[in-house]
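Colleague: everything below, folded, please.
(chains A and B)
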Amino acid sequence: MNDIFTKKQFLANFLPTLDNTLYLLYNNSRNCQRQDVHIQLSLQSGPLYEQIEYQIRAQIFSGELKAGEALPSIRTLARELTIGVITAKRAYDDLIAEGFLYAVQGKGVFVSEKREDDLVNGKAERLRAQIRAAKRFAKENGISPEQFGKILQEIMEEENERA
Amino acid sequence: MNGLEIKDLAVDYGNFKLCVSLGVPRGCVTGLVGRNGAGKSTLIKAIMRQEEASGDILYNGIPFWGNETEVLRKIACVFDSPHFNGAIKPKRLLKIMKGMYPAFDEERYHGLMQRFGLPSDKSVRTFSTGMKRKFALILALCQKPDILLLDEPTSGVDPYDRGAVIDLIQEFMLDEGHTVLFSTHITEDLDKIADYLVFLQDGKVLLAEEKETLCESYRLVQVPELSEEMKEQAVGVQKSMFGYTFLTKQKEVSGENVLVKTPTVEEIFVHLLGEERI
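Modeller: Next up is the predicted model:
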């Protein structure tokens, strides 16, 4: 006879949490692989368009996405990631506004030329994303901007002591 | 332009009245939600002209009266229960569909039947719920519609097949001239692919808005004790053993032991359409 697991034991065999399991198995095999754009979304880590923006930016900074390279169309991106068309459009629109991508009417969306300060920006961008996540947590849990700033200051000082 | 422009559509069942004015944006997926009996299926039937209704509907800008054949060939629907006789085999149904819809895409039909492993020579009665839903959707898609209406296309379908159904809908949406109106109780599907949401309540539109804007306009708050100040701003308060949960449009909610998050479609549904429990 097969063992019967509790839900918790059963799910412990998979890394993703309950929210994601079955869909993740399905989605993973179809995550956006074309043109070497790798995007993985999680329902738990903030707005989907921000996750897409962050991951595309990171790939531009790391050189995985090169200047002039074409990205999937809005509607293909939406389908491949199982998200709404408007969500996909918002991610691209933001990246175009920031200058990371540019659109050619009737042709699609492409990666912009790299700028001089991109390398520094690349690391700064990752840091920014993490601080943004912390800020969102603070806001949602009623921690005021002053308190947030103070905590940040405290952490910086901790580091100094250790150094 | 809107894929569907519904003006003063009214259906009267005596004890139930549906009265709807609504624009369904072209190129987008619009989710239709509401409790049982809110009028979702009636609205879809009325749009499909299978229910007697007063008022006007424009289909991609074209009025129904005077263009009946053109309109009916451009809209397709998957109803919550299949409309065909269970004894019929897909092979025979294909012939009927080809007669009814000259543009019926037979090549695509065979391709999709194969992709989903549906047999052409077994009666539809022997199909499982998931197979029937997929089959109905394939028939609807192969009519090459511009507007696709779906009434509970994913209910009673297992998660893997639901993924397949959702993918077919998104494949349809690759053409920006296409429009989908999609009623469902599985709000998880809407969380993923819907661009707009329409909430129906007692035959009327309670609200119609872009999904992300709607979800971000609300905060879901959990508190151990409900203060008078909170009560004024709270929507759909639900009490449990451990405290209260409610929606609010307030941007900043703070206090001790207060948990705040952006709500999902399901949470908005429960709190907006459910009865308050205090």
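Colleague: please parse chain A into its domains.
Modeller: Domains of chain A are assigned by automatic domain parsing as A:1-114, A:115-163.
Colleague: out of these, nearest to B:Asp202?
Modeller: Proximity to B:Asp202, assessed across the domains of chain A by Cβ to Cβ, is greatest for domain A:1-114 (27.6 Å). No exception for glycine: its C-beta is placed from N, CA and C like everyone else's.
Colleague: so for that closest one, what's the average pLDDT?
Modeller: When pLDDT is averaged over domain A:1-114, the result is 74.
Colleague: with stretch B:244-259 instead?
Modeller: Rounded mean pLDDT across stretch B:244-259 is 82.
Colleague: list the buried residues in it.
Modeller: For stretch B:244-259, burial by neighbour count (16 or more other Cβ atoms under 10 Å in any protein chain shown) applies to B:Tyr244, B:Thr245, B:Phe246, B:Leu247, B:Thr248, B:Gln250, B:Val253, B:Val258.
Colleague: B:Tyr101: which of those residues is nearest?
Modeller: Nearest to B:Tyr101 among the buried residues of stretch B:244-259: B:Leu247, at 44.4 Å, using Cβ to Cβ.
Colleague: was I right to think that closest one contacts B:Gln222?
Modeller: No - in this structure B:Leu247 lies outside contact range of B:Gln222 using Cβ atoms under 8 Å: 11.1 Å.
Colleague: got a list of contacts for stretch A:70-89?
Modeller: Residues outside stretch A:70-89 that contact it (Cβ atoms under 8 Å, 6 or more residues apart in numbering or on different chains): A:23, A:27, A:30-32, A:34-35, A:37, A:39, A:41, A:48-49, A:52, A:56, A:65, A:91-92, A:101, A:108-111, B:27-29, B:163, B:166-167, B:170-171, B:173-174, B:176, B:192-195, B:210-212.
Colleague: any of these buried? List them.
Modeller: Counted by 16+ other Cβ under 10 Å, the contacts of stretch A:70-89 give A:23, A:27, A:32, A:37, A:39, A:41, A:48-49, A:52, A:56, A:65, A:91-92, A:101, A:109, A:111, B:27-29, B:163, B:166-167, B:170, B:173, B:192-195, B:210-212 as buried.
Colleague: pLDDT below threshold where in the stretch 1-150 of chain B?
Modeller: By pLDDT under 70, the low-scoring segments of the stretch 1-150 of chain B are B:82-83.
Colleague: kindly report the residues of it close to chain A.
Modeller: B:Gly27, B:Cys28, B:Val29 (Cβ under 8 Å from any Cβ of the partner chain).
Colleague: can you count the residues close to residue 55?
Modeller: Answering for chain A, as no chain was given. By the criterion of other Cβ atoms under 10 Å in any protein chain shown, A:Gln55 has 18 neighbours.
Colleague: I was after chain B.
Modeller: 15.
Colleague: cool, the one 5 residues further on as well?
Modeller: Using other Cβ under 10 Å, the number of residues around B:Asn60 comes to 18.
Colleague: how close does it sit to B:Thr187?
Modeller: Using Cβ to Cβ, to the nearest Å, B:Asn60 is found at 28 Å from B:Thr187.
Colleague: again with A:Glu113
Modeller: 43 Å.
Colleague: do the same with A:Arg90
Modeller: From A:Arg90 to B:Thr187 the distance is 21 Å (Cβ to Cβ).
Colleague: where does chain A get nearest to chain B, which residue?
Modeller: A:Gly142 (2.8 Å; Cβ to the nearest Cβ).
Colleague: correct me, but that residue touches B:Val253?
Modeller: Yes - under the criterion of Cβ under 8 Å, A:Gly142 makes contact with B:Val253 at 6.9 Å.
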